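based on what follows, work out the 3D shape:
(one chain, ligands or ions: 1)
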Amino acid sequence: MSAANRPKTSLVPPDDAVAPVRHPEAPAPGAPLGAHYDQCFGCGEGQPHGLHLQARAGDGVSVTAEFTVKAAHQGAPGLAHGGVLTSALDETLGSLNWLMHVIAVTGRLETDFVRPVPVDTVLHLEARTTAVHRRKIYSSAVGRIGGPDGPVAVRADAVFIEVKVEHFIEHGRDEEIQAAMDEPDEVRRIRAFEVNP
Ligand SMILES: CCCCCCCCCCCC(=O)SCCNC(=O)CCNC(=O)[C@H](O)C(C)(C)COP(=O)(O)OP(=O)(O)OC[C@H]1O[C@@H](n2cnc3c(N)ncnc32)[C@H](O)[C@@H]1OP(=O)(O)O
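The predicted structure follows:
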């Protein structure tokens with residue numbers, strides 16, 4: 001499809017997109033990124049119903065993460081639900097934005113389900129940002145089973161859209177926003193973004 005005819009939500013970066021830039025203060029390759037929010041369904045340590053995904057910084061703007069499929073994540077008997085796998089991909093892709101010190105939300109996310117993923121499987125996830133165009137961040141991820149070099153079970157392409165921290169204050173519920181602001185580590189993080197946009 002020619003560039004002029006691409007839909008606005010296309011997952012293909014425009015021709016004048018640029019390479020992503022790793023922030024100088026991004027965590028070193030191998031360092032855990034930690035949860036961006038304690039109650040996040042994807043990464044929050046305090047979220048009892050969550051996926052408890054733990055991402056680590058990779059080289060450039062890349063991350064790795066592991067997600068263990070539990071019995072509570074089933075769709076078909078003994079197999080992971082596709083929506084849960086997409087959530088794991090979404091969270092992994094979302095964590096890339098921390099490496100650029102950009103706050104962004106998922107605009108579009110497209111998943112290919114290549115192989116079934118049984119309960120108790122560890123999904124080895126790898127994600128990388130490939131291009132940036134104004135507020136749009138283009139990223140891709142794969143999830144492998146049987147080990148970090150095992151066969152691909154899922155893959156996804158996404159566009160994240162950069163937002164200001166006010167996005168969450170404007171749209172979120174007062175109760176949770178207040179609780180997040182009262183958490184010292186969250187405040188430090190938000191401050192860091194205001195100082196190092
Ligand atoms: C405290 C820290 C916590 C940090 C918290 C981090 C959370 C991470 C959690 C994991 C990730 C998630 O699940 S996030 C949750 C799921 N996602 C959401 O809730 C997002 C809901 N959608 C929205 O709020 C909105 O639609 C936005 C912000 C995405 C876009 O609205 P907007 O700000 O008005 O932007 P707009 O001017 O329309 O568009 C800006 C540019 O983006 C493009 N664009 C707009 N929408 C899309 C789209 N769906 N797909 C592709 N591209 C799009 C436009 O063509 C335009 O390109 P051009 O004209 O420049 O070319």
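
could you use CA atoms for every contact and neighbour count after this?
Will do.

what segments of this protein are helices?
Here the chain has its helices, by DSSP state H, at 82-99, 166-171, 174-182, 184-195.

which parts of the protein sit against the ligand?
8-9, 90-91, 94, 103-108, 134-136, 159, 161, 165 (Cα under 6 Å from any ligand atom).

run the last query once more with 5 Å
Selection of the chain residues close to the ligand by Cα under 5 Å from any ligand atom yields Lys8, Thr9, Glu91, Gly94, Val105, Thr106, Gly107, Arg108.

of these, closest to Gly150?
Glu91 (20.8 Å; Cα to Cα).

re earlier: just give me the closest of the residues of the chain next to the ligand to Thr121.
Distance to Thr121 across the residues of the chain next to the ligand (Cα to Cα) is lowest for Glu91, with 18.0 Å.

if I look at the closest residue to that closest one other than its chain neighbours, how far off is Thr130?
Nearest residue to Glu91, sequence neighbours excluded (Cα to Cα, 6 or more residues apart in numbering): Gly42, at 5.5 Å. In this view, Gly42 and Thr130 are 22 Å apart by Cα to Cα, to the nearest Å.

out of these two, which sits in the more crowded spot?
Each of Gly42 and Thr130 has its neighbours counted (other Cα atoms under 10 Å); Gly42 has more, 26 against 16.

wait, the residue nearest to Glu91 sits on Leu85?
No: using Cα atoms under 8 Å, Gly42 is not in contact with Leu85; the gap is 10.6 Å.

show me where pLDDT drops low in the chain?
1, 186-197 (pLDDT under 70).

circling back to that earlier point, redo the helices of the chain as a markdown table? Include distance to Pro29.
As requested, the helices of the chain are exported to a markdown table (distance: least, Cα to Cα, whole Å):
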| stretch | distance to Pro29 |
| --- | --- |
| helix 82-99 | 10 |
| helix 166-171 | 29 |
| helix 174-182 | 27 |
| helix 184-195 | 19 |
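
most packed of these?
helix 82-99 (a mean of 23; mean count of other Cα atoms under 10 Å).

what is that helix packed up against?
On a contact count with 3 or more Cα pairs under 8 Å, 6 or more residues apart in numbering; DSSP states H and E, helix 82-99 meets strand 54-57, strand 62-68, strand 104-113, strand 122-133, strand 136-144, strand 152-162.

give me the distance between the spatially most central residue of the chain and Val69.
In the chain, the centroid-proximal residue (Cα atoms, centre = their mean) is Gly94; its distance is 2.3 Å. The spacing between Gly94 and Val69, counted by Cα to Cα, is 19 Å.

related to what we said a few turns ago, what sits against the residue nearest to Glu91?
Gly50, Leu51, His52, Leu53, Ser87, Ala88, Glu91 (Cα atoms under 8 Å, 6 or more residues apart in numbering).
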